[in-house]
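Participant: What would the 3D arrangement of this be:
(one chain, ligands or ions: 2)
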Amino acid sequence: MPAVKIAPSILAADFANFGAECRAAEAQGADWIHVDVMDGHFVPNITFGPAMCKALRPHITTVMDVHLMIAPVDPYIEAFADAGADMLTAHVEAGPHLHRTLQAIRAAGVKPGVALNPGTPAEAVAPVLDMVDLICVMTVNPGFGGQKFIESQVAKIAQLKRMIGDRPIHLEVDGGVDAQTAGRVVEAGADVLVAGSAVFRGGSASAPAPYGENIRAIRAATEGVWA
Ligand code: DX5
Ligand code: ZN
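Facilitator: Residues are numbered from 1 along each chain as shown. Ligands and ions are numbered 1, 2, ... in the order given. Now for the predicted structure:
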């Protein structure tokens, strides 16, 4: 098994200092940077759009993992591809044409991901398994950081792991991931852990050592789980 990847969500970083926050998170051991795009329509919160992603791109040397919590998705795919997203994840619930959306993301030269809200069954992604590079299991209802991990999603992670089989698909978990919950989700089959508040708490871009301690604590909680 490859090592678990930790993807800090900049939703929990200093919004006035995103470039430095991304550089600090990477310097402190982040494997990917998770970028939460919210539209105030699909989710009850607004963050930022493709222009912000484009501005962030030079500050990210690993993987820019863009989580689209927007509806509709399709009119914005080109803009996020142009912004330099490596991974572009759309929600199953964002519209009636998931298959078309994933095709369009791939055609734009970006790796497609698909995300499932906590109330959406694993089976919803069965018809598109061969189209995606990543499946994101939401372990909170999307829209805000710092929410409580929803335990019932662990069984769904395990079910998706079985459905993926030997396909080269990342299984990402997003929401309430910290050193307490990380072991359980990795045991269930996750290999990418998004963590916002659990990474960015206690530090800042100018005093980032706590980010490293937080990342190491999450990673340590997953070690040996696959053995
Ligand atoms: C929630 C976002 C998450 C969020 C996770 O809608 O998709 O990426 O930032 O935050 P924590 O880790 O604080 O639950
Ligand atoms: Zn997210």
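
Participant: who touches the biggest helix by length in the chain?
Facilitator: The residue-count maximum for a helix in the chain (DSSP state H) belongs to helix 209-222. Defining contact as CB atoms under 8 Å, 6 or more residues apart in numbering, one finds that helix 209-222 is touched by 4, 6, 8, 24-25, 28-30, 177-180, 182-183, 186, 193, 195, 198-203. Quick note: C-beta positions are derived from backbone N, CA and C, even for glycine.

Participant: Contacts only, for the residue of the chain found nearest ligand 1.
Facilitator: For the chain and ligand 1, the shortest gap (CB to the nearest ligand atom) falls at G196, measuring 3.0 Å. Taking CB under 8 Å, 6+ apart, we find G196 in contact with 8-12, 34, 36, 145-146.

Participant: I'd like to know which of the residues you listed are part of strands.
Facilitator: Here DSSP state E is the test, and the contacts of G196 give 8, 34, 36 as lying in strands.

Participant: Next, format those as CSV and append distance to T62, pLDDT and neighbour count.
Facilitator: Below are the ones in strands among the contacts of G196 laid out as CSV (distance: CB to CB, whole Å; pLDDT from 0 to 100; neighbours: other CB atoms under 10 Å):
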residue, distance to T62, pLDDT, neighbour count
P8, 10, 99, 31
H34, 11, 99, 28
D36, 17, 99, 24
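
Participant: which residues sit in contact with A7?
Facilitator: By CB under 8 Å, 6+ apart, A7 lies in contact with 30-34, 63, 65, 172, 192-195.

Participant: again, only using 10 Å
Facilitator: Listed by CB atoms under 10 Å, 6 or more residues apart in numbering, the contact set of A7 reads 25, 30-35, 62-63, 65, 67, 87, 170, 172-174, 177, 192-196, 199.

Participant: List only buried entries from these.
Facilitator: 25, 30-35, 63, 65, 67, 87, 170, 172-174, 177, 192-196, 199 (16 or more other CB atoms under 10 Å).
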